[in-house]
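model this:
(chains A and B)
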Number of protein chains: 2
Amino acid sequence: MSEVHRTDPGSSHEVVVVGGGIGGLGTALALTREGRSVRLLERADSFGEVGAGLQLGPNATRILREWGLLDKVRAAGVEPRRLVFRDALTDEVLTELDLGQEFQERYGAPYVVLHRSDLHSILLEACREAGVLLETGRTVTGVENTEDTAYTQLADGTVLESDVVVAADGLRSTLRGQIVDDEPVGSGYVAYRGTVPLAEGDPVPDDVVAWVGPGCHFVRYALRQGDMLNLVAVFRSPAFDRGESEWGGPDELDAAFGDCSDTVRSALAHLWRDRWWPMADREPASEWVKGRTVLTGDAAHPMLQYLAQGACQALEDAHTLAELSTGQEWAKALASFAERRIPRTARVQTTARMWGDIWHVDGVARVMRNELFRTRDRSDYKYTDWLYAP
Amino acid sequence: MSEVHRTDPGSSHEVVVVGGGIGGLGTALALTREGRSVRLLERADSFGEVGAGLQLGPNATRILREWGLLDKVRAAGVEPRRLVFRDALTDEVLTELDLGQEFQERYGAPYVVLHRSDLHSILLEACREAGVLLETGRTVTGVENTEDTAYTQLADGTVLESDVVVAADGLRSTLRGQIVDDEPVGSGYVAYRGTVPLAEGDPVPDDVVAWVGPGCHFVRYALRQGDMLNLVAVFRSPAFDRGESEWGGPDELDAAFGDCSDTVRSALAHLWRDRWWPMADREPASEWVKGRTVLTGDAAHPMLQYLAQGACQALEDAHTLAELSTGQEWAKALASFAERRIPRTARVQTTARMWGDIWHVDGVARVMRNELFRTRDRSDYKYTDWLYAP
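Residues are numbered from 1 along each chain as shown, chains lettered A, B, ... in the order given. Model (predicted):
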C-alpha cells in the first residue's frame, strides 16, 4: 500500500459491502445477523431504487421470512394467485402456474410481487435496526487484497481496512474488473416500465400476466395491495440489429408491438417514455473471489429478467454467504460460497436467456411453444422445482 | 376445333387420364370400377416408377382394400409397428406413434410401407385386369374444352375426344397451366435415396425411424418383407440459400449431416449419389377444373413429403372422383370433387410444410420441439385423426 488515509480510524468493520441496492443491503443484513460488523458504501447521495415492480419467488421469500421481514414484505406487496402466460398476438391463455396453497406448501413460502422501492426500504430499515454502518456518497475505486485483509479505496482518497469486501455494485460493477475480464452482453432487448393507479372499485388483477410475442413481451401485475398496476413492455430493438450504438428509444416502442392484441397495445400508453432499460447480462464467470474480495448479486451473475430472479438470487447470495461464514475462517467461507453459488447462478443466467428466447419466438417455433405450453401438465413441477425448491 | 385428327376413331372413351404414375393409375382404376371407360396416356415409353420406398397411411390402405388390392400391397410391403422420431444429433428417441392394433382399429386399416415400383405394378396390373386402355409414348400438349366434351391434343397431332380429361401429370404438370397460373415452389431441401440389401439373419427393423435435425433429416425403414432397408436423407442446400440455380448436389451431402450422430452419418454411405430429388411443392390452388378437365394428384396439390401423403392423397382423389361421378353428370361431379378435395389437400400441403419446418429447427426451437415430442400424450390421437380417420 502506497498511501493509507484513514478518515475513520476508530471505525473498524469486518466486512465492507460496496453497493446499497437490494443485494448489498441483503448481504449487509445477513452478515450482521450472524454477528459480523458491516459497513456499507453507496455511491449515490441517498439510498433508493429506480424501477417499478419486482417479483419474489419462494426461494427469496423463504429467506425474507428467516430474516423476520416476510410480514412487512407481504403487507407492502401483493400475493398473486396465478402466473399466466398469454400469446401477445391473440391474448389466448397458453398456460398458468398456480401460486396457491399447493405451490406454497411445495416451496414453503409464498410468491410476492411488490414495488422495488418498498423492498429496498424494508431492507434498509432492517439494516439500520441491525446496526449496519450505512454511508452514502461513497465512491469505491478499487480494492487491494493481502492474504487476510482488504483495503477498499475510495475516490476521496480514503482507504478502509476490513477482513472482507463484498462487491454488490451491480451489472456495471467497478470491482468485478479486478476478478473477471469481461463486459456486459447487450441482449438487444429494452424494457419500458410504467405504473397505473387503480381507483376505488377498479378490478384488481389477482394474477401476474406475461403476454409473450414475436420479439416482444408485456407483463402486468398489481402492486401495493392493489393500489396500482405495474407494467413492463420489452422488445427487440431494430436499431440494435442494425448495429447502431443508440438503440431501444421510444421511437421504436409502438412499432414493436404493432401486431399485438388490442389489450397489449392499449397498455403501452401508460409506459414512461422518458426512461428505458436496455437489457444486458454477462456470461457466467468461473471466479468470484480474489483475495478477500468477493462478488455477489448482479456484480457476480447479472442475468436477464425472464425468470424474475435478479433480486432473488442476490438474496440467496446474501443468505448463503452469511451461513457459510459462520464459524469458519473467511478464506474458506469465500471459497465455499463461490463453489456453491457459481453453478446455481450460472444455471439461472443461462436458463433466463433461453426462457427469453422461448418467449420471443415466431413462426413454427411459436406454434410449438404455444402447443408445448397448452399441453403442459399443470400438476408437474419439473420446470420450477430446480429454481424454487428448498 | 381447327383440326381434329383421329388416330383411334373406333376407340371412344368417356375418360382420358393423362399420366401413368400412381395417381393416374389409381384414378383410371377407380373410374373403371364405377363402369366408366378409361383411356390412360403415359408420356414415357414404358410404365414405371423411380424412387424407392413409399409410405401408405390408413387413409390410403382403406381405399386399396376397397379396390381389392390390400392383400397384394401387404404381401409386397412391410407393416411397421411404430413410427419413431429421434433427434438426429443425439439419437434420443423423442416420441413414437404406435401403429399396432389400437391404431389399426381406430383408423380401420394398417400402415404399410413398400417400394414405389411395387405399388405401381399392383395398380398397373389391376388397371389391365379392369380393362383400362393403357398407352405409353403418348405426350399430351393440351386440352380444349367445350361445355360437354374435352379434346386432348397429343404431340403427334392426334386429338382424342372424351367426356372428361383427368390431369394426373404430376408436379410439373403440362395441363395445370391451363387452369392455374403458378410455378413450383422450391423448398431448398433435396432428397437422397438408397436401399441396402439385408442378408439372411440381419436384424430387420420393425419401425419407421425419422431422425430429425437442424436443416436435415434421415428416414429409414425396411421394405419387401425385410429384404432391404430404404433410406432417405434430406437436407437444406447452402447453394440454394446462396441463390444458385444448381443446388443440392452430392458435394453438399456429407457436410449437411456433419453434426449428426454416428448412426446417421454412417448410413450416408448407402445413398445413391448419381441421382437426387430437389424438393418442391406449390401453393394450394383454388381452382382445379376448367370445362371438362380436372386436376388430380400432384398436378392438383403437389406437397412436400413430410407427412408421406403424396401418393395417399392421389389415391384419395381417385376414390373421391369415382364416388362423386357415380350417377351424376360430369359437370356436377367435377365441381363437387374440387369442392370436397381442395380444402382437404390444402390442409395437407400447408401442414406438410409446417411439419418439415418442425423437423428442421435448431436452437431454442429444437429444445421446445424435443420437449413437445417427449411430453406428447401417446394415447392422444389429435395429431393424426384429421389425416387418417375415415
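
helices or strands next to the longest helix seen in chain A in the packing?
Using DSSP state H to define each element, chain A has its longest helix at helix A:330-359. Here helix A:330-359 touches strand A:185-197, strand A:207-213, strand A:277-281, strand A:289-290, strand A:293-295, helix A:310-325, helix A:382-388, helix B:363-374, going by 3 or more CB pairs under 8 Å, 6 or more residues apart in numbering or on different chains; DSSP states H and E. Quick note: C-beta positions are derived from backbone N, CA and C, even for glycine.

now the longest one: average pLDDT?
The pLDDT scores in helix A:310-325 average 98.

show me how far it is from its chain's centre.
How far helix A:310-325 lies from its chain's middle: 12 Å, per CA atoms, centre = their mean, to the nearest Å.

ok, and for stretch A:30-37, which residues are buried?
Applying a neighbour-count criterion of 16 or more other CB atoms under 10 Å in any protein chain shown, one finds A:30-33, A:36-37 buried in stretch A:30-37.

contacts only, for the residue positioned nearest the centre of chain A.
Central residue of chain A (CA atoms, centre = their mean): A:Gly310, 2.2 Å from the mean position. By CB atoms under 8 Å, 6 or more residues apart in numbering or on different chains, the contact set of A:Gly310 is A:297-298, A:302-303.

what about 6 Å?
Contact analysis of A:Gly310 by CB atoms under 6 Å, 6 or more residues apart in numbering or on different chains lists A:Met303.

before we move on, back to that, check which residues of the longest helix of chain A are buried.
In terms of neighbour count (16+ other CB under 10 Å), helix A:330-359 has its buried residues at A:330, A:333-334, A:336-338, A:340-342, A:344-346, A:348-349, A:351-359.

then stretch A:56-68?
Here stretch A:56-68 shows A:56-65, A:67 as buried, counting by 16+ other CB under 10 Å.

now do the SS call for A:Ala285.
Judged by DSSP: H, G, I helix; E, B strand; the rest coil, the three-state class of A:Ala285 is coil.

that one and A:Asp181 touch, don't they?
No. Using CB atoms under 6 Å, A:Ala285 makes no contact with A:Asp181, being 9.5 Å away.

which stretches of the stretch 1-150 of chain A have low pLDDT?
Scanning the stretch 1-150 of chain A for pLDDT under 70 picks out A:1-11.

and the strands in it?
Secondary structure of the stretch 1-150 of chain A by DSSP state E, counting those that start in this stretch: the strands cover A:15-18, A:38-41, A:53-56, A:82-87, A:93-98, A:112-115, A:133-135, A:140-145, A:150-154.

distance of A:Ala346 relative to chain B?
Applying CB to the nearest CB, to the nearest Å, the value for A:Ala346 to chain B is 17 Å.

grab the nearest non-local neighbour of that residue.
Among residues not flanking A:Ala346 along the chain, A:Pro284 sits closest, at 3.5 Å (CB to CB, 6 or more residues apart in numbering or on different chains).

same question for A:Asp169.
Spatial nearest neighbour of A:Asp169, chain neighbours left out: A:Gly19 (4.0 Å); criterion: CB to CB, 6+ apart.

just to revisit the earlier point, can you tell which of the strands of the stretch 1-150 of chain A is closest to A:Leu372?
Taking CB to CB, strand A:93-98 is the member of the strands of the stretch 1-150 of chain A nearest to A:Leu372, at 8.6 Å.

in that closest one, what's buried?
Buried residues in strand A:93-98, counted by 16+ other CB under 10 Å: A:94-97.

closest one of these to A:Asp251?
A:Asp251 lies nearest to A:Leu94 out of the buried residues of strand A:93-98, by CB to CB, at 30.4 Å.

check contacts around that closest one.
If you count contacts by CB under 6 Å, 6+ apart, A:Leu94 has them with A:85, A:87, A:370, A:373-374.

ok, those residues vs A:Glu147, which is closest?
Taking CB to CB as the measure, A:Glu147 lies nearest A:Phe85 of the contacts of A:Leu94, at 51.0 Å.

pretty sure that closest one contacts A:Ala210?
Yes. Between A:Phe85 and A:Ala210 there is a contact under CB under 6 Å: 5.4 Å.
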